[in-house]
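1. Sequence unavailable; structure follows:
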């Protein structure tokens, strides 16, 4: 079954969405501690002592304590996490959008690494790596047999070190080595283009430190190409979230000034916030307003937002705000339902705690946690439907997930039957050639949902899903 799921790996993007979070980067720990349960702490100390003295072989005391802390935090919900030195570094890279490597966006094809696109200005870009190139070796290691993550780790490394990629270029029918010097790479979380005269498409794949600046640049490019834009599609499909202030800024780009974008509520005073479409709530890193450069027409241009089960957290904040203020038509599938905010609390120079501190709510007061955003118009993945939708994991499917606070999701007996049917289809699909299994690229002329969004903007008929239904919640008990 593992191989079958790899073949259609795009169906599992909800899992990735659950792994990332809307993070509020607060750096001041709380100054007061609740009274400690002494009896339980004595038990913990006793267990630690027994393990240290009686276990079959000597144990690493520091590792034992670290694992105990990690286990305690992990028991809360799927998104709270203790960071040791290694995971803290990876976390910082994920939110900054920077890492050391060669600078390519990749996927896997027939056991090889396929280049989706080189990042503009990166070492790979300068070395002449092209879209659709296949990487067969990283240094002396054959890529065949490696997972995508293993291949990525081998391509990353320390700045100013060399890596040799062996490239097979299909259209030239040749294999050749490329020497690349690794350097710090800035990931591009925003793409966009004029898809046809008068209509633009802009995609945000993740909310990072650089996202707002990149968003403003891309919108500016679109308007330079098409000054009289008739409609715009904001694509948040499979966007797993990221930084809260970046989500507020992207929302504010389309909304009237000072309207509510999102509110949060938790135990502490600093977890109770109302964030609005105002400079104060999305200030740039240098204190300036990053949205000043945007064309005024953006506030009024007809807007469709595309979402799916992989749209989570920060992307749900944007979708919910634009929907509640009736600024956009939401199209696609019900979103992931990651409606909680994690706050980072440092524990030292290179360790810390990411802990769930609040739920967030749309401007109308709806909790998205474990439910998600329901589109105005349900659209299938393809013209034939969404055959694998039942296999996609959402927040409500995760163990120990936080409830919405407004009633829990109804358990659907028919969902297991749908999953079985989808698994059978997936098994049949795995027998097809690889070229027939790959889903169309987002933003391409074969992107069915994008074409329906354009039909909506033009006032043309839209092929609405005949099978998708909202996953409901049970009424809250008094």
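-> Sure, I can see it. Just so it is clear, the structure is predicted and the values come from calculations on it, not from any experiment. Numbers count the residues shown, from 1 in each chain.
2. CA atoms for contacts and neighbours, from now on please.
-> Will do.
3. which strands and helices sit next to the longest strand along the chain?
-> If you go by DSSP state E, the chain has its longest strand at strand 352-361. Here strand 352-361 touches strand 81-83, strand 260-265, strand 340-346, going by 3 or more Cα pairs under 8 Å, 6 or more residues apart in numbering; DSSP states H and E.
4. Could you export the ones you listed as TSV, including mean pLDDT?
-> Shown next, in TSV, are these (pLDDT from 0 to 100):
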stretch	mean pLDDT
strand 81-83	88
strand 260-265	96
strand 340-346	86
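5. that older thread, any idea which helix or strand comes after the longest strand of the chain?
-> Sequence order places strand 377-378 as the next helix or strand after strand 352-361, per DSSP states H and E.
6. packing partners for the host helix or strand of residue 223?
-> Assigned by DSSP H and E, residue 223 belongs to helix 211-225. For helix 211-225, the packing partners by 3+ Cα pairs under 8 Å, 6+ apart come out as strand 190-196, strand 199-204, helix 244-254.
7. coming back round to it: average pLDDT across the longest strand of the chain?
-> For strand 352-361, the mean per-residue pLDDT is 92.
8. Next, the angle from that strand to strand 260-265.
-> Relative orientation of strand 352-361 and strand 260-265, computed by axes from the mean of the first three to the mean of the last three Cα atoms, to 10 degrees: 120 degrees.
9. mind checking how far stretch 163-177 is from the chain centre?
-> How far stretch 163-177 lies from its chain's middle: 31 Å, per Cα atoms, centre = their mean, to the nearest Å.
10. And that stretch, end to end?
-> Across stretch 163-177, the terminal residues are separated by 10 Å (Cα to Cα, to the nearest Å).
11. Same check on stretch 151-169?
-> 18 Å.
12. Which of the residues in that stretch are classified as buried?
-> Neighbour-count burial for stretch 151-169, with 16 or more other Cα atoms under 10 Å as criterion, is recorded at 151, 152, 155, 156, 157, 162, 163, 165, 166, 167, 168, 169.
13. and the residue lying closest to the fourth one once chain neighbours are set aside, how far is that from residue 133?
-> Closest residue to residue 156 apart from its sequence neighbours, by Cα to Cα, 6 or more residues apart in numbering: residue 101 at 4.3 Å. If you measure residue 101 against residue 133 using Cα to Cα, the figure is 17 Å.
14. higher neighbour count, these two?
-> Set residue 101 next to residue 133 and count neighbours by other Cα atoms under 10 Å: residue 101 wins out with 28 against 21.
15. how distant is stretch 199-206 from the center of its chain?
-> 14 Å.
16. avg pLDDT for it?
-> Per-residue pLDDT values over stretch 199-206 give a mean of 95.
17. circling back: Serialize the helices and strands packed on strand 352-361 to JSON lines and add fields for distance to residue 470.
-> Listed next are those as JSON lines, based on distance: least, Cα to Cα, whole Å:
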{"stretch": "strand 81-83", "distance to residue 470": "31"}
{"stretch": "strand 260-265", "distance to residue 470": "22"}
{"stretch": "strand 340-346", "distance to residue 470": "20"}
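18. Can you list the residue ranges for helices in the stretch 101-250 of the chain?
-> According to DSSP state H, counting those that start in this stretch, the stretch 101-250 of the chain carries its helices in the segments 123-126, 148-155, 211-225, 244-254.
19. just checking, what packs against the second one?
-> So the one you mean is helix 148-155. strand 134-138.
20. Check which element follows the helix or strand harbouring residue 317 along the chain.
-> Element membership of residue 317, judged by DSSP H and E, is helix 314-324. Downstream of helix 314-324, the next assigned helix or strand under DSSP H and E is strand 329-332.
21. Can you give the strand pairings for that next one, parallel or anti for each?
-> strand 303-307 (parallel), strand 377-378 (parallel) (DSSP bridges).
22. Run through who's touching the shortest one.
-> Strand 377-378 is contacted from outside by 329, 330, 331, 332, 333, 334, 464, 465, 468, using Cα atoms under 8 Å, 6 or more residues apart in numbering.
23. before we move on, what about the first one?
-> Contacts of strand 303-307 from elsewhere in the structure, counted by Cα under 8 Å, 6+ apart, are 231-238, 319, 327-335, 375, 449-450, 453, 456-457.
24. for that strand, the distance to its chain's centre please.
-> Centre to centre, stretch against its chain (Cα atoms, centre = their mean), the figure for strand 303-307 is 16 Å.
25. How about stretch 136-148?
-> Put simply, stretch 136-148 sits 26 Å off its chain's centre (Cα atoms, centre = their mean).
26. which of the residues in the helix holding residue 223 are buried?
-> Residues of helix 211-225 classed as buried: 211, 212, 213, 214, 215, 216, 218, 219, 220, 222, 223 (neighbour count, 16+ other Cα under 10 Å).
27. just checking, the second one touches residue 246?
-> Yes: shown here, residue 212 and residue 246 form a contact pair, counting by Cα atoms under 8 Å, at 6.0 Å.
28. For residue 103, see how far away the residue minimising distance to the centre of the chain is.
-> With distances taken as Cα atoms, centre = their mean, residue 240 lies nearest the centre of the chain, 1.6 Å away. To residue 103, residue 240 is 21 Å away according to Cα to Cα.
29. Please consider this matter closed, and thank you.
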